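**Q** Whatever this is, show me its structure:
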Amino acid sequence: MNIYVLVKRTFDTEEKLSLKNGQIVEDGAEFIINPYDEYAVEEAIQLKEKHGGEITVVSVGGEESEKELRTALAMGADKAVLINTEDDIEDGDQYTTSRLLAQYLKEQSPDLILAGNVAVDGGSGQVGPRVAEQLEIPYITTITKLDIEGEKVTVVRDVEGDSEVIETSLPLLVTAQQGLNEPRYPSLPGIMKAKKKPLVEVELDDLDLDEDDVEAKTKTIEIYLPPKKDAGRVLQGDIKDQVTELVNLLHKEAKVI
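**A** Just a heads-up that it's a prediction; the model follows:
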């Protein structure tokens, strides 16, 4: 089975971000594989263990993304591809990323493509579906279970508190939701092996694209941190008095009742 996993480099979810001149300060910040993409990598490894095949992880970005690709290799992926946009693209968006990925994947004949449901930094959930549309293959989002028997695929997907069971066939793109699996930590032998696994860099010219072909369709107007929340208030006294005070506060201060 020819499996591809789409991986994004994102800020560590424990990282405290700061802004300067309307831009996120990246110096000194910690970066990781997008957590939802980790579920996709883990699912690919489990599928390979069951059915055999080869796993290639693919990312779009600068050379700094090699760290996250090496992490995926250490988890158990076989090969990595970096579509390096550092010198060619200054501002991209989901359209840019999906166009680059789809252009590369068109020549790879993937049986299965896995991606994270969303990226924790952007949260749009657009890249996976956009790639599938350009490749003209079916896609299923927010999956929590995946079974493959021959060409038949059975998927369970999360639908806001409930589940939906879908049957389809390969080739297919799916996006991973939390609960699909428990991603493994790279082992020391895995980390050592990852250093020797192939990591190929691809640039815009290699994909027969120019900057106009991948020009962003959206523009970021402003980046700002959410306003600080007021400190909470602890109510004192008997339960009856607390209830009376709470109702009064909700009515006069919060004005929600």
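**Q** Can you mark which positions in the one helix or strand residue 39 maps to are buried?
**A** Following DSSP states H and E, the helix or strand that holds residue 39 is helix 35-51. Across helix 35-51, burial judged by 16 or more other CB atoms under 10 Å covers 35-45, 47-48. Using the backbone N, CA and C atoms, a C-beta is placed for each residue, glycine as well.
**Q** Then stretch 124-133?
**A** For stretch 124-133, the neighbour count (16+ other CB under 10 Å) marks 125-132 as buried.
**Q** Quick one: mean pLDDT for it?
**A** Here stretch 124-133 scores 95 as its mean pLDDT.
**Q** contacting residues around it?
**A** 6, 8, 94-95, 97-99, 101-102, 105, 113, 115-119, 138-139, 141, 173-175 (CB atoms under 8 Å, 6 or more residues apart in numbering).
**Q** quick one: the helices in this protein?
**A** Listed in chain order, the helices of the chain (DSSP state H) span 35-51, 66-75, 94-105, 127-135, 188-194, 239-252.
**Q** Could you point out which of those helices sits nearest residue 227?
**A** helix 239-252 (20.0 Å; CB to CB).
**Q** What's the mean pLDDT across the closest one?
**A** Across helix 239-252, pLDDT averages out at 90.
**Q** Please apply the same query to stretch 57-64.
**A** Averaged over stretch 57-64, pLDDT sits at 95.
**Q** do the same with stretch 38-54
**A** Per-residue scores along stretch 38-54 average to 97.
**Q** for stretch 178-186, same thing?
**A** Averaged over stretch 178-186, pLDDT sits at 95.
**Q** From the chain's centroid, how far away is that stretch?
**A** 13 Å (CA atoms, centre = their mean, to the nearest Å).
**Q** just stretch 218-238 next, same as before
**A** Counting by CA atoms, centre = their mean, stretch 218-238 comes out at 26 Å from the chain centroid.
**Q** Could you list the residues in contact with it?
**A** 17, 19, 22-24, 91, 93-95, 242, 245-246, 249.
**Q** can I get the CA coordinates of the helix holding residue 39 in PDB?
**A** Extracted C-alpha coordinates of helix 35-51, given in PDB (Å, rounded to 0.1, in the frame of the first residue of the first chain):
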ATOM      1  CA  PRO A  35      -0.900  17.200  17.000                       C
ATOM      2  CA  TYR A  36      -3.700  16.100  14.600                       C
ATOM      3  CA  ASP A  37      -1.100  15.100  12.100                       C
ATOM      4  CA  GLU A  38       0.500  12.900  14.700                       C
ATOM      5  CA  TYR A  39      -2.700  10.800  14.700                       C
ATOM      6  CA  ALA A  40      -2.400  10.600  10.900                       C
ATOM      7  CA  VAL A  41       1.200   9.400  11.100                       C
ATOM      8  CA  GLU A  42       0.400   6.800  13.800                       C
ATOM      9  CA  GLU A  43      -2.600   5.500  11.800                       C
ATOM     10  CA  ALA A  44      -0.300   5.100   8.700                       C
ATOM     11  CA  ILE A  45       2.200   3.100  10.800                       C
ATOM     12  CA  GLN A  46      -0.500   0.800  12.100                       C
ATOM     13  CA  LEU A  47      -1.900   0.200   8.600                       C
ATOM     14  CA  LYS A  48       1.600  -0.600   7.300                       C
ATOM     15  CA  GLU A  49       2.100  -3.000  10.200                       C
ATOM     16  CA  LYS A  50      -1.100  -4.800   9.200                       C
ATOM     17  CA  HIS A  51      -1.100  -4.600   5.400                       C
END
